[in-house]
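Asks: I'll drop the sequence and a predicted model, then ask my questions.
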There are 2 protein chains.
Amino acid sequence: MSDLLERLRGRGWRLTSQRRVVAEVLDGEHVHLTADEVHARAAQRLPEISRATVYNTLGELVCLGEVLEVATDGRAKRYDPNAHHAHQHLVCSGCGAIRDVHPLGDPLAALPASERFGFTVSGAEITYRGLCPDCTTGP
Amino acid sequence: MSDLLERLRGRGWRLTSQRRVVAEVLDGEHVHLTADEVHARAAQRLPEISRATVYNTLGELVCLGEVLEVATDGRAKRYDPNAHHAHQHLVCSGCGAIRDVHPLGDPLAALPASERFGFTVSGAEITYRGLCPDCTTGP
DNA sequence: TCCTAACTTGGACTTTGTCTAAGTCAACAC
DNA sequence: GTGTTGACTTAGACAAAGTCCAAGTTAGGA
């Protein structure tokens, strides 16, 4: 994730402590935090960071293509730092846990021209739903 | 959609004018209205219908499996009355237009066991993204 | 070390959705 | 028809998620 900070600097970003902390919080695999969760974790390291800054920084990271916005439920958006490897999401209907997954083949291939209605189709987002091992065995 | 009202009556629903109007508003193909849009259209026919009733009625229709909730962006949920025919969605990144589409094959087949992490996978939602014919030709 | 545009802050505001207490009415029994 | 009753509706308060703004702060170049 430190390369991320360097990449951003190269694009003219000012490297503030707030941005550094947000980037650090988003480091890792299978990370899918809401903006409020990012704010809470960032505030552990930098207590006076404001919600507005977290929203601003997340929005910029999304615009720069460094972080993906994921909307798996109708609630808060989640932010996924795994933006450089194409993947889809598997969501537990019980507890909400999210995993990054890699289906076989090109999802676009399944949509025939007759079902494209003249659209120029450029991507597909897939949300698989099911129960995770913990939720499968009942409550 | 009149069968819908009869079906609901058979399940013990009281048939009020408010519920009738909401069901009428949701009639049609490629309908993907937000709760507020449903409320606005319902209010044209029944001016004093409240937002709470629209939310209640939509929630009940979703629970009964008569209407699907669709979250294609991080904004308001949309309600899709086409619940009895499996389909996916194609969304215009320019204007937000939504079409129901029918990809080939079973989306679940593309997710190998090694990518299921022990989950019991039961469904998949696909959002195709692209530009509609109007938005493709530039602004 | 200074300057300045870029960044951050707190709080007001908006949008979307939920909840509640009080009033209304659809459907059933008679 | 009329009465009864519990389900339904209503307005408005509340909550969660996100945006916007004016004022204050600061990173990084000169």
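Replies: Yes, it's here. Numbering: from 1, shown residues only, chains lettered A, B, ... in the order given.
Asks: At the contact with chain B, which residues of chain A appear?
Replies: Taking C-beta under 8 Å from any C-beta of the partner chain as the contact definition, chain A meets chain B at A:69, A:71-74, A:77, A:90, A:92-93, A:99, A:101-105, A:107-108, A:110-112, A:115-133, A:136. All C-beta spots, glycine's among them, are computed from the backbone N, C-alpha and C.
Asks: Type out the PyMOL command that picks the buried ones from the residues you listed.
Replies: In PyMOL, a selection of the buried entries from these looks like this (16 or more other C-beta atoms under 10 Å in any protein chain shown):
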select buried, chain A and resi 69+71+72+77+90+92+99+101+103+107+110+111+115+116+117+119+121+124+125+126+127+128+129+130+131+132
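Asks: Surely A:E37 is in a helix?
Replies: Yes: counting by DSSP: H, G, I helix; E, B strand; the rest coil, A:E37 is part of a helix.
Asks: gap between the most centrally placed residue in chain A and DNA strand C?
Replies: By C-alpha atoms, centre = their mean, the mean C-alpha position of chain A lies nearest to A:D80, the distance being 1.8 Å. Taking C-beta to the nearest atom of the strand, to the nearest Å as the measure, A:D80 falls 21 Å from DNA strand C.
Asks: pretty sure that residue contacts A:E29?
Replies: No: taking C-beta atoms under 8 Å as the definition, A:D80 is not a contact partner of A:E29, at 10.4 Å.
Asks: Find residues that contact each of these two.
Replies: When contacts are counted by C-beta atoms under 8 Å, 6 or more residues apart in numbering or on different chains, the set common to A:D80 and A:E29 consists of A:D100.
Asks: Name the residues of chain A found near DNA strand D, please.
Replies: On the criterion C-beta under 7 Å from any atom of the strand, DNA strand D has as its neighbours in chain A the residues A:9, A:14-17, A:34-36, A:51-52, A:55, A:59, A:75-77.
Asks: Spatially, which two of those residues are the most separated?
Replies: A:R9 and A:R75 (33.5 Å; C-beta to C-beta).
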